[in-house]
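Novice: just a sequence and a predicted model for now, questions to come.
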Amino acid sequence: MQRFFWAVRSYLFLAYMAVSVVPWATVVLLVSIFTRGDRVYWLCAGWLTHSISAARVICGVRHRMHGLDNLAEANRAPAVIVLPKHQSTWETFAFPGLMPHPLAYVFKRELLYIPFFGWAMARMDMIHIDRTRRSEAWRRVAEQGARHMKHGSWVIMFPEGTRAERGAKGEYKAGGTRLAVTTGAAVLPIAVTSARCWPRKTFTLRPGVIDVSIGPLMPSVGRRPDELMREVEAWIETEMRRLDPEAYAAEPVRPTADPATPRP
């Protein structure tokens, strides 16, 4: 019975998004004829924030923030690349309303073909790439990422590339830290337990609390991209286990040496 109510509330939430995105995207398309830049960005961010609010009201999905002192420190940095854990659609919708700077997402260009939602995204100044043409994609990320950060935006990239199951870890790719080392930007790791309430590959949302933990700002100057990404990965995955221990309870425990046992 509980799952039935979750499903009903989830379909109401999805219906709200489907109905609201049409007029909102239409306004974005009309406004973008006359102006671009921040006005279009904040119009789109407004719909995303409304959707997150709808998830809270309709489905009981709330969130709480950790590490706000780290976010305040990042806000004082000249350039920042945000590197979050990726478990759900929730964080892609929520982050524009949680971060103190406009965000330039790096995303696959196929999303631009989604009716209304993708059309509105196409009017925003984001970094969409063709993942089948890797060298061209990297050049686009490097050029446009540097331009966005020069104008005060933060670039956001999901190191795992795609959404991971709750309690799982994808392969952390060094594209974000490579951009950081190339531009001198600092990186901001973020742990987020969104799969607790909105697992991937499902439209059923579960009521609960999503924890968003802002990590320490990590300078990139003098670092190697792979080394810096390992530090990002270690912080995020350690924090994920602190925030959502139930999800990692099945992990095998690594044996530790008994200090009283002599070693050969």
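Specialist: Arrived safely, thanks for sending. Note that this is a predicted model, so its numbers are computed, not measured. Numbers count the residues shown, from 1 in each chain.

Novice: how long is stretch 97-107 end to end?
Specialist: For stretch 97-107, the separation between the terminal residues is 18 Å (CA to CA, to the nearest Å).

Novice: tell me which residues are up against it.
Specialist: Residues from elsewhere that reach stretch 97-107, judged by CB atoms under 8 Å, 6 or more residues apart in numbering: 38, 41-42, 45, 48-49, 52, 65, 71, 75, 80, 82, 92, 95-96, 121, 125-129, 141, 144-145, 148, 152-157, 175, 212. The C-beta positions use only the backbone N, C-alpha and C, and glycine is treated the same way.

Novice: show me just the buried residues among those residues.
Specialist: Among those, the ones that count as buried by 16 or more other CB atoms under 10 Å are 41, 45, 48-49, 52, 71, 80, 82, 92, 95-96, 121, 125-129, 141, 144-145, 148, 153-157, 175, 212.

Novice: those residues in helices, which ones?
Specialist: In this view, the buried ones among the contacts of stretch 97-107 that belong to helices under DSSP state H are 41, 45, 48-49, 52, 71, 92, 95-96, 121, 141, 144-145, 148, 175.

Novice: out of those, who's nearest residue 205?
Specialist: residue 52 (11.4 Å; CB to CB).

Novice: my read: residue 185 touches residue 150, true?
Specialist: No. Using CB atoms under 8 Å as the test, residue 185 is too far from residue 150 to be in contact (10.4 Å).

Novice: so for these two, which sits in the more crowded spot?
Specialist: Each of residue 185 and residue 150 has its neighbours counted (other CB atoms under 10 Å); residue 185 has more, 24 against 11.

Novice: so how far is residue 109 from that one?
Specialist: Separation of residue 185 from residue 109 (CB to CB, to the nearest Å): 23 Å.

Novice: next one: phi and psi at residue 162?
Specialist: phi -130, psi 170 (degrees, to the nearest 10).

Novice: my bad, residue 103
Specialist: Here the main-chain torsion angles of residue 103 (degrees, to the nearest 10) amount to phi -110, psi 140.

Novice: give me the neighbour count for it.
Specialist: By other CB under 10 Å, 19 other residues sit near residue 103.

Novice: and residue 70, by the same measure?
Specialist: If you count neighbours by other CB under 10 Å, residue 70 ends up with 17.

Novice: how about the nearest residue to it, chain neighbours excluded?
Specialist: Of all residues not flanking residue 70 in the chain, residue 214 sits nearest, at 4.5 Å (CB to CB, 6 or more residues apart in numbering).
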